[in-house]
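Enquirer: Predicted coordinates and the sequence they were generated for:
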Amino acid sequence: MAVIAPSRRIRRTPFTDGVEAAGVKGYTVYNHMLLPTVFRSVEEDYRHLKSAVQVWDVSVERQVELRGPDSARLMQMLTPRDLRGMLPGQCYYVPIVDETGGMLNDPVALKLSEDRWWISIADSDLLFWVKALAYGYRLDVLVDEPDISPLALQGPLADDLMARVFGDAVRAIKFFRFGWFDFQGVSMAVARSGYSKQGGFEIYVDGTKNGMPLWNALMEAGRDLDVYAGCPNLIERIEGGLLSYGNDMTRENTPHECGLGRFCSTQTAIGCVGRDALLRVAKEGPTQQIRAISIGGDLPVCDALWPLMSAKGKRIGQVTSSAKSPDYKTNVAIGMVKMTHWDEDTELDVVTQAGTFKATVHENFWL
Ligand code: THG
């Protein structure tokens, strides 16, 4: 493939200079911004992620900030997850749905205080929907995108590296909680979270100018830990069942179809704009759902949906992400499968641009 032409519409990040110095080999575009996809090779990056520690430029996880007395009300309008028990310092994975119950995004929400929230978004222009609701309902809330850029530390040695730069107190941060930590006189939110199953942190870097100093400090402090630049890894995230908005689900899907029912409490999420629609579909339950799928053979890259066919030759779903897994000696994949074929060990055919391959449905992901 040819290169992507750089322009103002494809934003660089505060860390792009560091990413390029580390030898980034590929990018995707996510929230109109550069997201690295590979440094050494996807397989080498995968091995290193599972054994050491990586610094990830995940600035593309843009923040939609809500500020003002109606912030909590607006936040609850966006999601079927009941937010009443959420405390400042907590992160919640929150499906965001429209009035039909269709998925608009699957961000991590951070409650900074009763009247200040961050929505750490996946790849869709959620800002417009949030601004429109605030305006249409005449809410007393400011909605914008602040100069905050998440930097993730992921991998088994993340705690050790993090403690060297931010102090031993970071070790006490619990999963999906955050605290405020100082870097060179600037206070930043530090959460135990991230788009891998290897453990680690996300630093919500405040101010573009503070990006490279922090990047360099982490690289320097982690030299003997074999720290390296990394990025969300396709193989590892499929093994872990971490969904990719726009790939594995779209506005056409409900949270229940996406296997995100455990993050919904639609009955008590009073004010959620998709509540009535979701209550209607929840009564019957979903008729298709996301599943882990293993596929045999030498697959091409999955850059479009691949139809899934039953033994009788009927279309019963699609594969939307796949990668060859070194640890599981099979191609690991994520797909949407109709109810009639979603049970463990169901055998299917998957139709790719390079022919048809044997696929098997699983009820659980690998990690
Ligand atoms: N971190 C932050 N923002 C993000 C992402 C992130 N924005 C974009 C994208 N990732 C949003 N999607 C996800 C998907 C999965 C998770 C987080 C964000 C995730 N899921 C865990 C799991 O499924 O095991 C745990 C969820 C839970 O138990 O609450 O972490 O990664 N800041």
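Expert: Happy to help now that I have it.

Enquirer: Output the contacting helices and strands for the helix or strand hosting Val332.
Expert: Assigned by DSSP states H and E, Val332 falls within strand 330-338. Judged by 3 or more CB pairs under 8 Å, 6 or more residues apart in numbering; DSSP states H and E, the packing partners of strand 330-338 are helix 234-239, strand 288-295, strand 306-309, strand 315-325, strand 347-352, strand 355-362. Heads up, the C-betas are built off the backbone N, CA and C, glycines and all.

Enquirer: Minimum distance to Val108: which of the ones you listed has it?
Expert: helix 234-239 (14.8 Å; CB to CB).

Enquirer: List of residues touching that closest one?
Expert: For helix 234-239, contacts defined as CB atoms under 8 Å, 6 or more residues apart in numbering pick out 37, 42-43, 46, 49-50, 195-198, 244, 321-328, 332-334, 365-367.

Enquirer: of those, buried ones?
Expert: 37, 42, 46, 49-50, 195-198, 244, 321-325, 332-334, 365-367 (16 or more other CB atoms under 10 Å).

Enquirer: Tell me the residues of the stretch 1-150 of the chain that contact the ligand?
Expert: Glu61, Tyr93, Asp106, Pro107, Val108, Ser120, Ile121, Ala122, Pro150 (CB under 6 Å from any ligand atom).

Enquirer: For the fifth one, give the beta-bridge partners.
Expert: Beta-bridge pairing of Val108, defined through DSSP bridges, involves Tyr93, Ser120.

Enquirer: swap in the last one?
Expert: The bridge-partner assignment for Pro150, based on DSSP bridges, gives Tyr204.

Enquirer: count of residues packed around it?
Expert: 27 (other CB atoms under 10 Å).

Enquirer: quick one, what contacts it?
Expert: Val58, Ser59, Glu61, Ser120, Glu202, Ile203, Tyr204, Val205.

Enquirer: rerun at 10 Å
Expert: With contact set as CB atoms under 10 Å, 6 or more residues apart in numbering, Pro150 has these partners: 13, 56-63, 108, 118, 120, 188-189, 191, 193-195, 201-205.

Enquirer: For the residue of the chain most remote from its centre, which three-state class applies?
Expert: In the chain, Lys312 marks the outermost C-alpha relative to the chain mean, sitting 35.5 Å out by CA atoms, centre = their mean. Assigned with DSSP: H, G, I helix; E, B strand; the rest coil, Lys312 falls in the coil class.

Enquirer: Model confidence for it, exactly?
Expert: Model confidence at Lys312, given as pLDDT, is 97.

Enquirer: and if you look at Glu284?
Expert: 89.

Enquirer: ok, now how distant is the residue farthest from the centre of the chain from Ala229?
Expert: Here Lys312 is placed at a distance of 48 Å from Ala229 (CB to CB, to the nearest Å).

Enquirer: Ok, Met188 next?
Expert: On the measure of CB to CB, Met188 and Ala229 end up 20 Å apart.

Enquirer: And Leu151, by the same measure?
Expert: 11 Å.

Enquirer: mind listing what's buried in the helix or strand of the chain with the lowest mean pLDDT?
Expert: Ranking every helix and strand in the chain by mean pLDDT, DSSP states H and E puts helix 275-284 at the bottom, with a mean of 93. Neighbour counts over helix 275-284 (16+ other CB under 10 Å) mark Arg275, Ala277, Leu278, Val281, Ala282 as buried.
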